[in-house]
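S.K.: no sequence for this one, just the structure:
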């Protein structure tokens, strides 16, 4: 049994998938940072404070290239990875459902710590629950995975559109409603100057209001379909061999790229009406996510681009560690229990902060994998999943290029 529970050899890793996961960590960070460190940022809506031309330009760039793109990409890769692990365990004679269930329960615990003690915007808690829901589908034929995607996704989209339509019919100003949801004075008081107990209490309240049980239920309709799609992509092995599948990937890139431009950038040509933001996120978001994934896969074997993809792959291989590090760093920098920079940075400052920290994460991740096989939190995840200490140091130290 111990021999069966070995990790996938590093030579068999799809480094372009790791690179896409690393890019997703950057994209999520770009949206999370101004949300974490300021009460003035609500993705997809105008800010009451950041109103300069530069601010409007940056908000537009974040909305087009980052918002709804990278949590979607991460969801697709989450399902992709679960299918790979499922198949690997099954080949080795290990019960894959049992193994993945333990893995998701550990992630659930890590997500609870992150959500309640660090940041209410956590995704790990919800991903763990959705991962448990996903496991039975990994036993089904490919056509079942495809069939379930629209069955789950369409009701969520319709509900969102009906919510906006209902608010319009009742005469509610959605912009004012969003502004009130920002709760700027209270957030400035608690996150900017509050005690640790007050911050944790506010975290719990924010989690219940913005996610909680409702967020988990909505995740079944808005995130689980992308995980199912990721599992399907792993089944058909479209991204396993970029050279053999180059023609298919080129067509895939062209189609998703056109949808990306039409539904993510297109609405800006007509002023981004509120009703169109649902379509912008629900169609443009997945299209842009798949465009990023296919582009990275295609260019990962080309000169120069292959080097960039390799750097991103180091971050992606320890994506959980890097994601949690970002939150811990922002907790210490922005909240009053740390350096108290909450609400102090401009939007340009946040963009610079994200880029600077991510470059440092690339450097650290690259150095880390010179000596170790897993990221630190990934290693802990394995220990808790297997119930025993797992090897961490590389047996043969080799040059990381």
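M.R.: Looks like it arrived, so ask away. All values derive from a computational prediction rather than experimental measurement.
S.K.: can you list the weak-confidence ranges in this structure?
M.R.: 1-12, 44-45, 163-182, 211, 274-275, 396-401 (pLDDT under 70).
S.K.: Now do stretch 197-204: everything it contacts.
M.R.: 115-120, 186-187, 190-191, 194, 335-337 (C-beta atoms under 8 Å, 6 or more residues apart in numbering). Just so you know, the C-beta spots here come from the backbone N, C-alpha and C atoms, and that holds for glycine as well.
S.K.: Save these as CSV, and put in distance to residue 287 and neighbour count too.
M.R.: Shown next, in CSV, are these (distance: C-beta to C-beta, whole Å; neighbours: other C-beta atoms under 10 Å):
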residue, distance to residue 287, neighbour count
115, 29, 23
116, 34, 15
117, 36, 15
118, 32, 19
119, 28, 21
120, 29, 20
186, 37, 13
187, 33, 18
190, 38, 23
191, 35, 25
194, 41, 20
335, 36, 25
336, 40, 19
337, 41, 17
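S.K.: any idea which of those is the one closest to residue 162?
M.R.: residue 120 (26.4 Å; C-beta to C-beta).
S.K.: in a strand, that's where that closest one is, yeah?
M.R.: No. The assignment for residue 120 is coil, going by DSSP: H, G, I helix; E, B strand; the rest coil, so no strand is present there.
S.K.: need the contact list for it.
M.R.: Counting by C-beta under 8 Å, 6+ apart, residue 120 touches 203, 204, 206, 207, 210, 211.
S.K.: Can you pull the phi/psi pair for the third one?
M.R.: Okay, so that is residue 206. Per-residue torsions, residue 206: phi -60, psi -40 (degrees, to the nearest 10).
S.K.: Check the gap between it and residue 119 for me.
M.R.: To residue 119, residue 206 is 9 Å away according to C-beta to C-beta, to the nearest Å.
S.K.: What of the fifth one?
M.R.: In this structure, residue 210 lies at 11 Å from residue 119, with C-beta to C-beta as the measure.
S.K.: got it, and the first one?
M.R.: Residue 203 is 7 Å from residue 119, where distance means C-beta to C-beta.
S.K.: the helices in the stretch 101-250 of the chain, which residues?
M.R.: Along the stretch 101-250 of the chain, counting by DSSP state H, counting those that start in this stretch, helices occupy 124-134, 142-169, 174-182, 184-193, 196-210, 212-222, 224-236, 246-260.
S.K.: I'd like the ones you listed as JSON lines, with distance to residue 110 appended.
M.R.: Formatted as JSON lines, the helices of the stretch 101-250 of the chain follow (distance: least, C-beta to C-beta, whole Å):
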{"stretch": "helix 124-134", "distance to residue 110": "6"}
{"stretch": "helix 142-169", "distance to residue 110": "25"}
{"stretch": "helix 174-182", "distance to residue 110": "28"}
{"stretch": "helix 184-193", "distance to residue 110": "23"}
{"stretch": "helix 196-210", "distance to residue 110": "15"}
{"stretch": "helix 212-222", "distance to residue 110": "16"}
{"stretch": "helix 224-236", "distance to residue 110": "18"}
{"stretch": "helix 246-260", "distance to residue 110": "32"}
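S.K.: wait, which of the ones you listed is closest to residue 98?
M.R.: Comparison of the helices of the stretch 101-250 of the chain against residue 98 by C-beta to C-beta identifies helix 124-134 as nearest, at 12.0 Å.
S.K.: what's that closest one in contact with?
M.R.: Contacts of helix 124-134 (C-beta under 8 Å, 6+ apart): 75, 78-79, 82, 100-101, 103-105, 107-108, 110-112, 114-115, 211, 215-216, 219-220, 223-224, 227-228, 231, 320, 323.
S.K.: Brilliant, that's me finished.
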